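1. Got a sequence here, can you build the structure:
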Amino acid sequence: MNAVTPTPLQLADNPLLDLADLPLFDRIRPEHVVPAMEALLAAADSALETVTATDFPADWGRMAQVLDVATDRLGRAWGAVGHLNAVADTPELRAAYNAALPQVTEFWTRLGADERLYAKYKAMDPARLTPEQTQAHRNAMRGFVLGGAELQGAAKERFAAIQERQAELSQKFSENALDASDSFAYFATAEELDGVPADVLEATRAAAQAAGQDGHKLTLKLPCYLPVMQFARRRDLRERLYRAYATRASEQADGEAVKFDNTVLIREILALRQEEAELLGHPDFATVSLVPKMADSPAQVVQFLRELAVKARPYAEQDLADMRAFAAAELGLDDPQPWDWTHVGEQLRQARYAYSEQDVKPYFTAPKVLDGLFHIVETLFEVRIRPDTAPVWHPGVRFFRIERAGPAGTTPTLVGQFYLDPGARTGKRGGAWMDDVRGRWLRPDTGALQTPVAHLVCNFAEGVGDKPALLTHDDVITLFHEFGHGLHHLLTQVNERDVSGISGVEWDAVELPSQFMENFCWEWDVLQRMTAHVDTGEALPRELFDKMLAAKNFQSGLQTLRQIEFSLFDMLLHRHDAPQSVDGADFMALLQQVRDEVAVVQPPAYSRTAHTFSHIFAGGYAAGYYSYKWAEVLSADAYAAFEEAARTHGSTLDVATGRRYREAILEAGGSRPAMESFKAFRGREPQIDALLRHQGMA
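-> Next comes the predicted model:
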């Protein structure tokens, strides 16, 4: 990092080193990053040397007191920096993050490959470990092998270099995707925006005024981009935005935006992953990726995806035929182009069901939705959610605590806490995610119970003027999805850090709790409580809900094939027999092969979706994007238990079923294999029937 050694006074004032409780997000500055990381890395290095000394006992608790405590401090501080880099990006913070990244990556790589540490874990007496520690130990042993601990000499050095380079490339990929999105702006006239909803017009007009321009500022952020594509009647405007969106971070981008091209990064990332796999003795990265997952092999995943594609294809073909017929008969479009499909689909939805997302949007005010979500969680999982205070990175961020009531007259027990950052803004990465701040842990250094804390991040449109933010129903589903991840992390009752909450959960099962929560967004008794019209305060009318429900599986065939396309591309891309070349066209050729096999709608030749596919190039889902569909089978089957309870008790908010789900799935976290947790809840292995029924493809 090549920084001047900080003085004790400088370190004493560094908020990244104050880890007594919650991160001091309001005080962290770019200049704090490098000195803090240097100090924490030095402490972690010292701890590693201590526990790997020949006279240090191979004892789980003793090693945790020294090494885990030091690495936990490093991980939490670096996590805070990484979080700010994702939600409050500035040139100065980005520079500080990138300055520290190589050394942080080098340490974690070296830790995971340390032969001396590996030997200590091998020497531990299994009989002295608790069941939770046994699972954590099993995961750690597997992690050492995947981390290169059994490599020697030049192979080990090369493995470490690959990890460091991959971290740099993934960070740059993410930066390019963000910068490419943020760099686009088009100032449209009111005439060009004919058909666009009033609330979007109001927001884009305010954005233009803030930029000192006339008209309406259009961006590629989804709260702006999507409604324009759905509702704008001007085909030339839709084409302009579509092309900008589809070519982000690629060589097809217009003008100066081509400098954010991710082509070369993608090619190098793929080559490094293949080399990593070969060093570890595996044929390809897909095989490496599946070692800690539920799925047995890449072939099994590919078969699962292709079988699901066969089931979905007739429905997708019918979806497309319906759109073509409607476009010709009602919109005068005999040959719809890629930038027309979103608009055609929305118009068909309105015509078929007399329903539009914009009809329900005024009923989903952010405060009311949040209140309804909290009510579900409090009812089902027997907890209370209360506002709390903590330092935050933006005025729109809120902080909450989850409590469990004790006997009458006693203080409630703190279960966990979470930050909620809902709004889209410049400098904030797109999409939605849950991230952990810290895990539940019976700390070996103090003996105190550390409660879990999480980030819940979305990108919704902000409220305009004095009105609250309005959410689309898709936004509501997204919020519930991320909250499901949060519950998995926050409601755990496991005391061993490395298997508490989401830690240690197989990646292809980690979407179970998130997709499970989405189902409540379609329950009448739930929506009644979480809706209030922004002007009148009235709840969502039953007639409108019935239209929503009728339209629920509108184009589910197309949507399913779209997800399978991404998943199959990702898995085949990381197989050793994927097309490989040095001209950068290899992954695009493969993507076209997958589309020819799976898709019923083809994008234009200039489309570059892979170039912003951050899930697999910068987000941990490499050869794992199939997890969404894989876990959807688990989540749909799990929710079927609540549907069964509703037939007996009249509501899906059945406390007894919620308690069984909480104890079997959420509280168990990663302390046992996900299939064991699922069977503990359902009494059997998962079945695909519920998924097909939920998506109207039974």
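
2. Quick one: residues contacting residue 50.
-> Residues in contact with residue 50 (CB atoms under 8 Å, 6 or more residues apart in numbering) are 56, 66, 67. Yep, even glycine has a C-beta here, placed from its N, CA and C like the rest.

3. For the residues you listed, pick the one with the most neighbours.
-> Most neighbours among those, by other CB atoms under 10 Å: residue 67, with 23 neighbours.

4. Can you name the residues that contact that residue?
-> 44, 47, 48, 50, 51, 117.

5. just the helices in the stretch 351-500 of the chain please.
-> Taking DSSP state H, counting those that start in this stretch as the criterion, the stretch 351-500 of the chain carries its helices at 357-360, 366-381, 473-490.

6. what angle do the longest one and helix 366-381 make?
-> Direction vectors for helix 473-490 and helix 366-381, defined by axes from the mean of the first three to the mean of the last three CA atoms, to 10 degrees, enclose an angle of 40 degrees.

7. Just give me the residue closest to the centre of this protein.
-> Centroid-nearest residue in the chain: residue 433, 3.7 Å away (criterion: CA atoms, centre = their mean).

8. quick one: that one from residue 567, how far?
-> Using CB to CB, to the nearest Å, residue 433 is found at 18 Å from residue 567.

9. picking up where we left off before, as TSV, the helices of the stretch 351-500 of the chain with mean pLDDT and mean neighbour count would be great.
-> What follows is these, written out as TSV (pLDDT from 0 to 100; neighbours: other CB atoms under 10 Å):
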stretch	mean pLDDT	mean neighbour count
helix 357-360	91	20
helix 366-381	97	19
helix 473-490	98	24
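
10. now those helices as TSV including distance to residue 690?
-> Putting the helices of the stretch 351-500 of the chain into TSV (distance: least, CB to CB, whole Å) gives the following:
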stretch	distance to residue 690
helix 357-360	25
helix 366-381	19
helix 473-490	17
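
11. Quickly list the domain ranges of this protein.
-> Each domain of the chain is listed here as a residue range: 8-128, 183-260, 362-550, per automatic domain parsing.

12. Show me how far the last one is from its chain's centre.
-> In terms of CA atoms, centre = their mean, to the nearest Å, the gap separating the centre of domain 362-550 from the centre of its chain is 14 Å.

13. First-to-last residue distance for that domain?
-> One end of domain 362-550 to the other measures 20 Å (CA to CA, to the nearest Å).

14. so what secondary structure elements neighbour the longest helix along the chain?
-> The longest helix of the chain (DSSP state H) is helix 298-330. If you count contacts as 3 or more CB pairs under 8 Å, 6 or more residues apart in numbering; DSSP states H and E, helix 298-330 packs onto helix 285-290, helix 341-353, helix 556-573, helix 627-649.

15. what comes up buried for it?
-> Neighbour-count burial for helix 298-330, with 16 or more other CB atoms under 10 Å as criterion, is recorded at 298, 301-302, 304-305, 308-309, 311-313, 315-316, 319-320, 322-324, 326-327.

16. before we move on, what about stretch 222-235?
-> Buried positions in stretch 222-235, judged by neighbour count with 16+ other CB under 10 Å: 222-232, 234-235.

17. got a markdown table for these, with pLDDT, distance to residue 292 and secondary structure too?
-> Converted to a markdown table, the buried residues of stretch 222-235 look like this (pLDDT from 0 to 100; distance: CB to CB, whole Å; DSSP: H, G, I helix; E, B strand; the rest coil):
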| residue | pLDDT | distance to residue 292 | secondary structure |
| --- | --- | --- | --- |
| 222 | 93 | 32 | helix |
| 223 | 94 | 36 | helix |
| 224 | 96 | 39 | helix |
| 225 | 97 | 36 | helix |
| 226 | 97 | 35 | helix |
| 227 | 96 | 40 | helix |
| 228 | 98 | 41 | helix |
| 229 | 98 | 38 | helix |
| 230 | 97 | 40 | helix |
| 231 | 97 | 44 | helix |
| 232 | 98 | 45 | coil |
| 234 | 98 | 49 | coil |
| 235 | 98 | 48 | helix |
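
18. Residue 574: which of those is nearest?
-> Of all these, residue 222 has the smallest distance to residue 574: 27.4 Å, by CB to CB.

19. any idea of the angle the lengthiest strand in the chain forms with helix 473-490?
-> Counting by DSSP state E, the longest strand found in the chain is strand 413-423. In terms of direction (the same axes, to 10 degrees), strand 413-423 departs from helix 473-490 by 150 degrees.

20. Report the contact partners of the closest residue to residue 474 other than its chain neighbours.
-> Nearest residue to residue 474, sequence neighbours excluded (CB to CB, 6 or more residues apart in numbering): residue 357, at 7.0 Å. With contact set as CB under 8 Å, 6+ apart, residue 357 has these partners: 230, 346, 472, 473, 474.

21. For residue 292, see how far away the nearest residue to the first one once chain neighbours are set aside is.
-> Translated: residue 230. Nearest in space to residue 230, with sequence neighbours left out and distances taken as CB to CB, 6+ apart, is residue 346 at 4.1 Å. Applying CB to CB, the value for residue 346 to residue 292 is 41 Å.

22. how about stretch 124-132: buried residues?
-> 124, 129, 132.

23. Can you lay out those as JSON lines showing pLDDT?
-> Output for these, formatted as JSON lines (pLDDT from 0 to 100):
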{"residue": "124", "pLDDT": "97"}
{"residue": "129", "pLDDT": "97"}
{"residue": "132", "pLDDT": "97"}
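
24. Looking at these, spot the one nearest residue 12.
-> Taking the buried residues of stretch 124-132 together and measuring to residue 12 by CB to CB, the closest member is residue 132, at 36.2 Å.

25. doesn't residue 492 make contact with the closest one?
-> No. Residue 132 is not in contact with residue 492 according to CB atoms under 8 Å; the separation is 10.7 Å.

26. what's near enough to touch residue 351?
-> Contacts of residue 351 by CB under 8 Å, 6+ apart are 326, 330.

27. cool, and residue 27?
-> When contacts are counted by CB under 8 Å, 6+ apart, residue 27 touches 15, 391.

28. Nice, that's everything, thank you.
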